[in-house]
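[1] A predicted structure for the sequence below; I have some questions about it.
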Amino acid sequence: MYEKNIPSKISVTKKDGKLFFSKTESKFDILELAGKDSAKVLLSIEQSESRQLSQDANTAKQFKISCKSLEGAKIDWTKDIEAADIDYSLKVVNVHYPTTGEQEDTYTYFDIKNGEKIMDFTYGELKAIIPNTSEKRFFTYLSKNNSLKDAVEGDGVVQFASSSKLLQRIAIKAKGAVKVPTYTPEMQVLTMRESGNQLAPDGKVIILMKLNESFTSKDVTGFAFQVSYYKEGEQEPYTIVFPVDNDKINLEQAIYDKAIFELKLID
């Protein structure tokens, strides 16, 4: 991977007695996208920011993102985005939005090969890594406290996605008098015995060790995602376990208290 930053251009101007700050900078990176439809791409990010000097620096900036193939599969797209910052270390374009008040950090993933949106989510994500490829599987949560003000069905929505598209969305709804927090709950990856999968110490990443670039959907199995809701004043959480089978969440095999939660697959 090759990366180059173009020096920033910064200016401060005065208008109507107020000071305004402006900044532009550019970054170029050459990335190897391994696996099916492999490619070497040039990713460029142009960032511009303009605000009153007295304003909070955590405001939206303007980004122009372009991705073009140098070798391999044909890739050529450009997108304008307003965000706080952008990351692409996972070989997806990860857009992070500004927050205010009690809003949670909110993100959007875009497919790095075509610029198409994959999903919105809050706080952290869980990852399944497929060796010898740039392809991954992601498990995320979208809370009602998201900074995009996206409508959320039920009390929260869990999502399962690949590096190129959203595969499933499942609404979680607490029943009766049970109330769960409106923010993102604790989440972790679980591995099944004798699956051969390797779990990271923090429980946030799993490596599907038996897979390679020739994997098929039936090979993406042997692990699960757990969501844990902690109620104020209680030490034991409400948990829901979402097993993955044949490259999708097997909702029929999900482990949870059906007297407390209702799970619904969203089309």
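    Yep, that arrived.

[2] next structured bit after the one helix or strand residue 242 maps to?
    Assigned by DSSP states H and E, residue 242 falls within strand 238-245. Moving toward the C-terminus from strand 238-245, the next helix or strand (DSSP H and E) is strand 248-249.

[3] neighbouring contacts of that next one?
    With contact meaning Cβ atoms under 8 Å, 6 or more residues apart in numbering, strand 248-249 is reached by 158, 160, 167, 168, 170, 217, 225, 242, 243. Every residue, glycine included, has its C-beta placed from N, CA and C.

[4] what does the helix or strand that comes right after that strand contact?
    For strand 248-249, the succeeding helix or strand toward the C-terminus, using DSSP H and E, is strand 261-266. Here strand 261-266 makes contact (Cβ under 8 Å, 6+ apart) with 153-154, 157, 168-175, 238, 240, 251, 254, 256.

[5] buried stuff in strand 261-266?
    261, 263 (16 or more other Cβ atoms under 10 Å).

[6] and stretch 66-74, by the same measure?
    66, 67.

[7] and what of stretch 30-48?
    Result for stretch 30-48 [16+ other Cβ under 10 Å]: buried residues 31, 33, 34, 35, 39, 41, 43, 44, 45, 46, 47.

[8] farthest-separated two in these?
    Between any two of those, the greatest separation by Cβ to Cβ is 29.2 Å, found for 35 and 47.

[9] ok so, going back, which strands or helices does the strand holding residue 242 pack on?
    If you count contacts as 3 or more Cβ pairs under 8 Å, 6 or more residues apart in numbering; DSSP states H and E, strand 238-245 packs onto strand 156-162, strand 223-229, strand 261-266.

[10] go again with 6 Å.
    Judged by 3 or more Cβ pairs under 6 Å, 6 or more residues apart in numbering; DSSP states H and E, the packing partners of strand 238-245 are strand 223-229.

[11] can you mark which positions in the strand it packs on are buried?
    223, 224, 225, 226, 227, 229.

[12] got the CA coordinates for it in PDB?
    Extracted C-alpha coordinates of strand 223-229, given in PDB (Å, rounded to 0.1, in the frame of the first residue of the first chain):
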ATOM      1  CA  PHE A 223     -19.500 -18.500  14.400                       C
ATOM      2  CA  ALA A 224     -22.100 -16.200  16.000                       C
ATOM      3  CA  PHE A 225     -22.700 -12.700  17.200                       C
ATOM      4  CA  GLN A 226     -23.900 -11.900  20.700                       C
ATOM      5  CA  VAL A 227     -25.800  -8.700  21.700                       C
ATOM      6  CA  SER A 228     -26.000  -7.900  25.400                       C
ATOM      7  CA  TYR A 229     -28.300  -5.300  26.900                       C
END
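
[13] tell me the centre residue of the protein?
    Ranked by distance to the mean C-alpha position of the chain (Cα atoms, centre = their mean), the top residue is residue 109 at 5.1 Å.
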